[in-house]
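Asks: from the sequence below, what's the structure:
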Amino acid sequence: MNVLFHTTTAIGVAVLLTNTTQLEKSHSLINRITTGIAAFTVGAISHGALDYIPHCYPINSKIDVAIGLAMILVVTWLTHKRYRIIVGASFLGCIFPDIADLSPAIINKQVGLNLPVFSKIFPWHWHAYSGSIYTGDCNVSTINHLLLIVVICAICWYRQEDVKRMIG
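Replies: This next block holds a predicted model:
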């Protein structure tokens, strides 16, 4: 799935796992770090789920990476300092599998380097478990992408008080 959908998911993961009321009362760095670890873990698992479901790539890869990186930078910058570790961990978890498995080959192709390319670690990047559609029929993919956006919007709407406290 495109990076942009993984980064959008990271926002939903961070909002879903962050109880701002509890974190503001406790003032505990340990609680924020624990939530950050949970966000990283859930983010990596969500990456696998998204890559496993049938999907096409509706966004050009260069544009996708640029917008995804911009989203990470802007959202992290806008996030209140108290919650940056959680938001950052969520973003990292949601894109880590692609960084680990795909970035050396992409860098080699784009920059002309000869970085070593190893076997893919994450099973959803193996051909047998990937949901990538290469037949050109992307109707199911479009529905899956729309459902993802609806779910993330629903999470942010339902937890809008946490979103307001986090972005600030």
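Asks: looking only at pLDDT, what's the mean for whichever strand or helix holds Glu161?
Replies: If you go by DSSP states H and E, Glu161 is part of helix 160-166. On average, the pLDDT along helix 160-166 is 96.
Asks: check which helices and strands it sits against.
Replies: helix 3-17, helix 20-26 (3 or more Cβ pairs under 8 Å, 6 or more residues apart in numbering; DSSP states H and E). Using the backbone N, CA and C atoms, a C-beta is placed for each residue, glycine as well.
Asks: what lies in contact with it?
Replies: Ala14, Val15, Thr18, Asn19, Thr20, Thr21, Glu24, Thr79, His80, Tyr83, Val87, Cys156 (Cβ atoms under 8 Å, 6 or more residues apart in numbering).
Asks: going by neighbour count, which of these comes out on top?
Replies: The residue in these with the most neighbours, by other Cβ atoms under 10 Å, is Ala14 (31 neighbours).
Asks: what residues of the helix holding Glu161 count as buried?
Replies: Across helix 160-166, burial judged by 16 or more other Cβ atoms under 10 Å covers Asp162, Val163, Arg165, Met166.
Asks: and those, which two are furthest apart?
Replies: Val163 and Arg165 (7.4 Å; Cβ to Cβ).
Asks: from Phe96, how far off is His6?
Replies: Separation of His6 from Phe96 (Cβ to Cβ, to the nearest Å): 10 Å.
Asks: what is in contact with the two at once?
Replies: Counting by Cβ under 8 Å, 6+ apart, the contacts common to His6 and Phe96 are His47.
Asks: helices of this structure, start to end?
Replies: Remark: helices assigned in the chain by DSSP state H are 3-17, 20-26, 29-52, 61-78, 84-111, 139-158, 160-166.
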